[in-house]
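Student: Predicted model, plus sequence, below.
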Amino acid sequence: KKFQFFEKELVKEEGTQLPNKTLSKLRITSTASGRGSLILGNAEGVITLVDRDMKMTSYQAYELGVTHLHQLKERNVLISIGLDEEASMSSTVKFWNLDRLDPQGAPVCLKVFKIDKYTVPVTTIAVLEDLTQMAIGLCNGVVLMVKGDLLRDKQLKQKVLRFDTAEIVPITGLGFKQQGKNVLLFAVTPSHVYSYSTSGQDHETELDDQGCELGCVVMNDDQDLLLGRNEAVYFYGAEGRGPCFGFENTKVKLVWFRSYLIIVGLEATTGASGAPSPSAKYSTFNVYDLKNKFIAFSEPRFENITHVVTEWGCIFVFQGDGKVFQLEEKDTQTKLETLFKKNLYSVAINLAHSQHYDLTSIIDIFRKYGDHLYDKGDYDGAITQYLMTIGRLEPSYVIRKFLDAQRIHNLTVYLQALHEKNLANADHTTLLLNCYTKLKDVKKLDMFIKSENSDLHFEVETAIKVLRQAGYHEHALYLSEKHGEHDWHMKILLEDAHDYPRALHYIGTLNFFEAEKNLKKYGKTLVAALPETTTHLLMRLCTHYIPSQSTVPHHLTSSSSSTSSSSSSTHHDPPASLHSAFEQVT
């Protein structure tokens, strides 16, 4: 999916509609950014700092030219590489404190050292944030490693980390990955990817027998190495190659910006043979949101992009003709509205999560998604989205939509979830049990009322009433016994099931006071149905009463066994209330 989530605007001369003249005249050779500035190095050795208002401060850093710039994130120190002496052609590394200025108004230079082993051009650099390691890649395939306190040590030893005499190819990318105390350096050539454990013995590991061209290497915020080849973009970690994304085009530059991957490629043009070939005049420019899997911005025809730099939440694109374009990201709400119009709610939800949107707003997107699917007639899909709103959206909003008999399955799913999250009231319990009984889904009914899940809560009395009314007497009896609703249990046994032996046995399992209470209430009915057994229970209550442990109804016992049981029990004077029970029964 492709969107235009960035606004493109020409960086203009103040008060005019013309391109910024100062930027257009700079012969920019290298760029960096951070700490509130764009940092531009040019072919005359000048470094220019550009603030948010496009006000520029320049100073002469080298005699001949600036080739590389690197701005630290944690402190305002800039590392530059350039040429000072035409005769030697040795590159010079300088460290600048951008917070301190010398009497001439230029940043204070903290450290200078020359790359004295080789006089070939530098292709790429990588620097640890704590300034204890610096790797320098050269066009002859050499990787130089500089370790120590890069600012304070008087003598910095430059060690050759890699030099393959069998294949002299440039180093096209370098990047550090810190894992606790261990430091890993990635090194890339056009034909290979290597890693080095630089906190130990600099052990080399070959991660891949394919590399990439200069400019097509970048490190993301998780310190993964990304390589762009014509067929795809590949991720590399400490263990080797990981996932890849199939973006096919001739890539010339990769840039990481927040959670976006920026790819600059060459426009494909049709040659005389009819086959597509890359154009050197026009550049394609795409901003990929890899997490949410869409293109956040696409411009098919920039004119020869030379540099891309990011700062202040914006992307700055430098063209070969001197023009600079600023791409400013639209706010999240504007992006979400665009997605809503296209009914791309799943993309909107992922985007809102990645932008750390507040929970209430995310829940509202789930509701909108559910409404959209409901209107389409996708009731299963709709209920899935509505489930995500439980606890925030009023349940009646959803329930009303699914009261139709044809949608009872979806309603059942929603009501189950309400109970599982302990957010159901008596009406919800009634409705859910009615759904089960109408569907004749005994299995789910059993699971609901017999669940051992302590987190499942519902109003027991309401459930018993519903089950009794629907004719599910055994389920109602199970609940009433499990939760000690003795009155309901007796009503169902006597009034609905007319199971007098079971009712009498149940009374015999209760404690003395509950048994006495129920005999008072139901004694006449039980004596009429089972005179001998009821009399036996009354005699037990008058002597040494011990509740039966088994809840399984016993067969009616013989009179002899009853007499034996009574005579062996220790007699106690019955309380006055029991005399009353006898009177009521007789």
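Tutor: In hand now; what should we look at?
Student: which secondary structure element contains the closest residue in space to Glu267 that isn't next to it in sequence?
Tutor: Leaving aside its sequence neighbours, Glu267 sits nearest to Tyr282 (C-beta to C-beta, 6 or more residues apart in numbering; 4.0 Å). C-beta coordinates here come from the backbone N, C-alpha and C atoms, glycine included. Tyr282 is part of strand 276-289, with elements assigned from DSSP states H and E.
Student: any idea which helix or strand comes after that strand?
Tutor: Beyond strand 276-289 toward the C-terminal end (DSSP H and E), the next one is strand 294-303.
Student: per-residue confidence averaged over that following strand?
Tutor: The pLDDT scores in strand 294-303 average 92.
Student: what packs against that strand?
Tutor: Using 3 or more C-beta pairs under 8 Å, 6 or more residues apart in numbering; DSSP states H and E, the elements in contact with strand 294-303 are strand 6-10, strand 260-270, strand 276-289, strand 314-319, strand 324-329.
Student: closest one to Glu394 among these?
Tutor: strand 276-289 (33.5 Å; C-beta to C-beta).
Student: so what's the residue nearest to Glu267 up against?
Tutor: Going by C-beta atoms under 8 Å, 6 or more residues apart in numbering, Tyr282 touches Leu266, Glu267, Pro300, Arg301, Phe302, Glu303, Asn304.
Student: ok, now Leu131?
Tutor: Applying C-beta under 8 Å, 6+ apart, we find Leu131 in contact with Leu72, Val77, Phe95, Asp149, Leu150, Leu151.
Student: For those, work out which two are farthest apart.
Tutor: Greatest spacing in the contacts of Leu131, by C-beta to C-beta: Leu72 and Asp149 (14.5 Å).
Student: Tell me how far Phe245 lies from Lys291.
Tutor: Separation of Phe245 from Lys291 (C-beta to C-beta, to the nearest Å): 11 Å.
Student: How about Val11?
Tutor: Distance of Val11 to Lys291, given as C-beta to C-beta: 29 Å.
Student: These two: which is more packed in?
Tutor: Val11 (17 against 12; other C-beta atoms under 10 Å).
Student: returning to what we had before: selecting buried members of the contacts of Leu131 in PyMOL, what would you type?
Tutor: Filtering the contacts of Leu131 down to the buried ones (16 or more other C-beta atoms under 10 Å) takes a single PyMOL command:
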select buried, resi 72+77+95+150
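Student: which of the contacts of Leu131 lies closest to Trp312?
Tutor: Of these, the one sitting nearest to Trp312 (C-beta to C-beta) turns out to be Leu72, at 17.7 Å.
Student: so what's the closest one up against?
Tutor: Contacts were defined as C-beta under 8 Å, 6+ apart; by that measure Leu72 touches Gly34, Leu78, Ile79, Val127, Glu129, Leu131.
Student: Of these, which count as buried by neighbour count?
Tutor: When the contacts of Leu72 are checked for burial by 16+ other C-beta under 10 Å, the buried set is Gly34, Leu78, Ile79, Val127, Leu131.
Student: Where is pLDDT lowest across those residues?
Tutor: Gly34 (92).
Student: what separates the residue lying closest to it once chain neighbours are set aside from Trp312, distance-wise?
Tutor: With C-beta to C-beta, 6+ apart as the criterion, Gly34 has its nearest non-adjacent residue at 3.9 Å, and that residue is Gln71. Noted for Gln71: a distance of 14 Å to Trp312, by C-beta to C-beta.
Student: more crowded one of those two?
Tutor: Taking other C-beta under 10 Å, Gln71 and Trp312 do not tie; Gln71 has more neighbours (22 against 14).
Student: Which two among the contacts of Tyr282 are spaced furthest apart?
Tutor: Largest pairwise distance in the contacts of Tyr282, by C-beta to C-beta, is 13.7 Å, between Pro300 and Asn304.
Student: so where does His505 fall, helix or strand?
Tutor: Per DSSP H and E, His505 falls inside helix 500-508.
Student: And that helix, what does it pack against?
Tutor: So helix 500-508, by 3+ C-beta pairs under 8 Å, 6+ apart, packs with helix 486-491, helix 512-529, helix 531-542.
Student: now the angle from it to helix 531-542?
Tutor: 0 degrees (axes from the mean of the first three to the mean of the last three C-alpha atoms, to 10 degrees).
Student: List the buried residues of helix 500-508.
Tutor: In terms of neighbour count (16+ other C-beta under 10 Å), helix 500-508 has its buried residues at Tyr500, Pro501, Arg502, Ala503, Leu504, His505, Tyr506, Ile507, Gly508.
Student: is it true that the third one touches Leu493?
Tutor: Yes. In this structure, Arg502 sits in contact with Leu493. The criterion is C-beta atoms under 8 Å, and the distance is 5.6 Å.
Student: what's around Thr57, how many residues?
Tutor: Thr57: 15 neighbours (other C-beta under 10 Å).
Student: pLDDT weak spots in the stretch 451-586 of the chain?
Tutor: 452-457, 550-586 (pLDDT under 70).
Student: just the stretch 251-400 of the chain next, same as before
Tutor: Ranges of the stretch 251-400 of the chain meeting pLDDT under 70: 268-280.
Student: cool, the stretch 101-250 of the chain as well?
Tutor: 165.
Student: buried subset of the contacts of Tyr282?
Tutor: Neighbour counting by 16+ other C-beta under 10 Å classes Leu266, Glu267, Phe302 among the contacts of Tyr282 as buried.
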